[in-house]
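K.L.:
Okay, sequence plus prediction incoming.
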Amino acid sequence: MNPEKIIETCKKAHEAFFSLSKTNEDKINSTLESLKLLIDRNRKKIKEINEKDIENAKVMNLKSSLIDRLLLNDKRIDGIIQSIDTVIKLKTPVGEVIEGWKLENGLNIEKVRVPIGTVGIIYESRPNVTVDAAILCLKSLNTSVLRGGKEAINSNKLLSDLIKKALHENGINSDSIGFIDETNREGVKYMLKLNQYIDVIVPRGGEGLIGFVSENATMPVIKHDKGLCHLYVDESADLEKALSISYNAKVQRPGVCNAIETLLVHENIANVFLPEFKELMDKAGVELRGCKKTLGILKDIKEAKEEDFNTEYLDLILSIKVVENLDKAIEHINTYGSHHSEAIVTENYDNAERFLDEVDASCVYVNASTRFTDGGVFGFGAEIGISTNKLHARGPVGLRELTTYKYKIRGNGQIRR
C-alpha cells in the first residue's frame with residue numbers, strides 16, 4: 001500500500017472542487033460530449049483491456065454471474081455512451097431554489113441546492129460504474145475519488161484515463177476525478193479515514209465490502225447493505241403475469257442487486273402456480289429451496305433453511321415460501337428484506353395499495369419486475385448506486401441525490417434584538 005499516493009489523490013480532488021463548483025453547465029456538457037467520442041473511438045482498446053480482466057476473473061474462479069458483471073462488449077459500451085448522452089440532456093439540479101420565504105423583518109431566505117463536495121466511490125466488479133459515477137459527479141459539480149476492485153482494475157484504469165483526458169481537453173482540472181489503483185482492503189481502510197478531503201462515501205458491491213466501509217468510514221456513507229429482494233404472488237394474481245415477472249426478476253441477470261432472492265406465494269394458489277413456476281426455473285437452471293409447505297407441492301427440491309431467507313445469492317438459486325395471506329408476506333419481507341426492492345403481483349387494488357404503503361423498502365412495485373430499480377431506467381441517466389438508507393438519499397442515487405442544500409439569506413441591515 002502507498003498511503004502518500006492515496007492522500008495525494010484525495011487531497012487533489014478536494015482542492016479541485018473549488019474550481020469545479022464554479023464551472024458552468026455548458027462546459028460540463030462539452031466535457032461529457034468529448035468523453036462520448038473518446039469512449040467510442042477507443043472501444044476496441046476497451047474490449048481488449050477488459051478481456052484481461054475477464055481472464056483474470058476466470059483464474060480467480062469467480063462465479064459466472066459475477067464475471068458477467070465485468071464484461072464490456074459493444075452493447076454495454078453503447079449503453080455507457082447512452083448514459084452519458086442522457087446525463088448531458090438532464091438539467092443540473094445545482095442552483096435550484098427548493099423553497100423561499102420572507103420574514104416579517106424583511107430578511108429573504110432561500111433554500112438552494114449545492115454540490116456535496118468530494119464524493120468517494122468504492123465499488124466492485126462493474127467497470128461501467130467508473131463512468132456512471134464520474135459523469136454524475138461532474139454534472140452535479142462534485143469532484144470524485146474512484147476506487148474499483150481488483151477484478152476490474154485494468155478496465156477501470158483505462159476508463160478513468162479517458163475521463164481525465166476529456167476534462168483536460170475542455171480546460172477542467174483533471175484532478176476533479178481521482179482514481180486509486182490500490183486494490184487491497186488496507187487501501188480502502190486508509191481512504192475511509194480521510195474525512196478532511198472526502199465528504200461522503202458511496203460503497204457499491206457485496207455485503208462484505210459494504211459492511212467494511214460502514215464500520216470504518218469517518219465520513220457519512222450512502223449505501224445499500226445488500227439486495228435481498230422479494231416477489232409476492234397474491235391469491236388474486238394473474239398467473240401469466242406472475243410467471244413472466246418472476247422469471248424476469250430472477251433469471252434475466254441473477255448476479256445483480258435488484259434480482260429477487262425469495263419468492264412468496266399465497267397458499268390458495270400455490271398448488272396451481274408452483275408446478276408451472278418450477279418448469280420455468282428448471283429450464284433456466286435455477287436451484288429452488290422451499291419451505292415445508294413448498295416441499296409438499298414440489299417434491300424434488302431442497303429444503304430452505306433459515307439462513308436461506310437471509311441470503312443474497314447473486315446466482316441461479318431461489319428460496320420459496322408459501323404464506324397464509326398478505327399480512328404474512330409483508331411481515332416476512334419486513335423481517336428479512338434489505339430495504340432495496342420488493343414486488344407484489346395482484347389484481348386486488350386494496351392489496352396493492354397496502355403492499356405499497358406497508359413494505360419498508362426504497363422501491364416497491366405492483367405487477368412489475370424488481371429489475372427496474374436502476375438509475376438509468378428511472379430516467380437519471382446513470383446511478384452511483386442504490387441507497388437503502390433512510391437519510392440522506394434512498395433508492396437510485398442520481399444527480400439530485402448528489403446535492404445537499406444551503407440557506408441563502410439576503411438582508412438590508414437587519415440585526416437581532
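P.N.:
Perfect, thanks for sending it.
K.L.:
going forward, measure contacts and count neighbours with C-alpha atoms only.
P.N.:
OK.
K.L.:
Can you mark which positions in stretch 371-381 are buried?
P.N.:
Residues 371-376, 380-381 are the ones in stretch 371-381 that count as buried (16 or more other Cα atoms under 10 Å).
K.L.:
could you say what helices and strands the helix-or-strand element of the chain with minimal mean pLDDT packs with?
P.N.:
Between all helices and strands in the chain, the lowest mean by mean pLDDT, DSSP states H and E belongs to helix 64-70, at a mean of 87. If you count contacts as 3 or more Cα pairs under 8 Å, 6 or more residues apart in numbering; DSSP states H and E, helix 64-70 packs onto helix 43-59.
K.L.:
Mind listing what's buried along the helix it packs on?
P.N.:
43, 46-47, 49-54, 56-57.
K.L.:
so can I have CSV of those showing distance to E215 and pLDDT?
P.N.:
Formatted as CSV, the buried residues of helix 43-59 follow (distance: Cα to Cα, whole Å; pLDDT from 0 to 100):
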residue, distance to E215, pLDDT
R43, 38, 97
I46, 35, 98
K47, 36, 98
I49, 34, 97
N50, 32, 97
E51, 34, 97
K52, 33, 96
D53, 29, 96
I54, 31, 96
N56, 29, 93
A57, 27, 93
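K.L.:
give the contact list for the closest residue to L192 other than its chain neighbours.
P.N.:
Nearest residue to L192 in three dimensions, chain neighbours excluded: A217, at 4.6 Å (Cα to Cα, 6 or more residues apart in numbering). A217 is in contact with 189, 192-193, 201, counting by Cα atoms under 8 Å, 6 or more residues apart in numbering.
K.L.:
any chance of those residues in CSV, with neighbour count, secondary structure and distance to E324 too?
P.N.:
What follows is these, written out as CSV (neighbours: other Cα atoms under 10 Å; DSSP: H, G, I helix; E, B strand; the rest coil; distance: Cα to Cα, whole Å):
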residue, neighbour count, secondary structure, distance to E324
K189, 15, helix, 46
L192, 22, coil, 46
K193, 14, coil, 48
I201, 25, strand, 41
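K.L.:
What is the nearest of these to I415?
P.N.:
For the contacts of A217, the closest approach to I415 (Cα to Cα) belongs to I201, at 39.2 Å.
K.L.:
I'd assumed I222 was in contact with that closest one.
P.N.:
Yes. Here I201 lies in contact with I222, judged by Cα atoms under 8 Å, at a distance of 6.3 Å.
K.L.:
immediately after the host helix or strand of S244, which helix or strand?
P.N.:
Assigned by DSSP states H and E, S244 belongs to helix 239-251. Beyond helix 239-251 in the direction of the C-terminus, DSSP H and E gives the next helix or strand as strand 260-266.
K.L.:
Who are the packing partners of that next one?
P.N.:
strand 229-233, helix 239-251, strand 317-323.
K.L.:
Check those for me and report the most buried one.
P.N.:
Comparing the helices and strands packed on strand 260-266 by mean neighbour count (mean count of other Cα atoms under 10 Å), strand 229-233 comes out on top with a mean of 30.
K.L.:
Please tell me how far that one is from the chain's geometric centre.
P.N.:
The chain centroid and the centroid of strand 229-233 are separated by 20 Å, computed with Cα atoms, centre = their mean, to the nearest Å.
K.L.:
quick one: strands adjacent to it?
P.N.:
strand 260-266 (parallel), strand 341-345 (parallel) (DSSP bridges).
K.L.:
CSV for those strands, including mean pLDDT?
P.N.:
Below are these laid out as CSV (pLDDT from 0 to 100):
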stretch, mean pLDDT
strand 260-266, 98
strand 341-345, 98
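K.L.:
Include distance to I80 and mean neighbour count when you put those strands into TSV, please.
P.N.:
Output for the strands paired with strand 229-233, formatted as TSV (distance: least, Cα to Cα, whole Å; neighbours: other Cα atoms under 10 Å):
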stretch	distance to I80	mean neighbour count
strand 260-266	25	27
strand 341-345	24	29
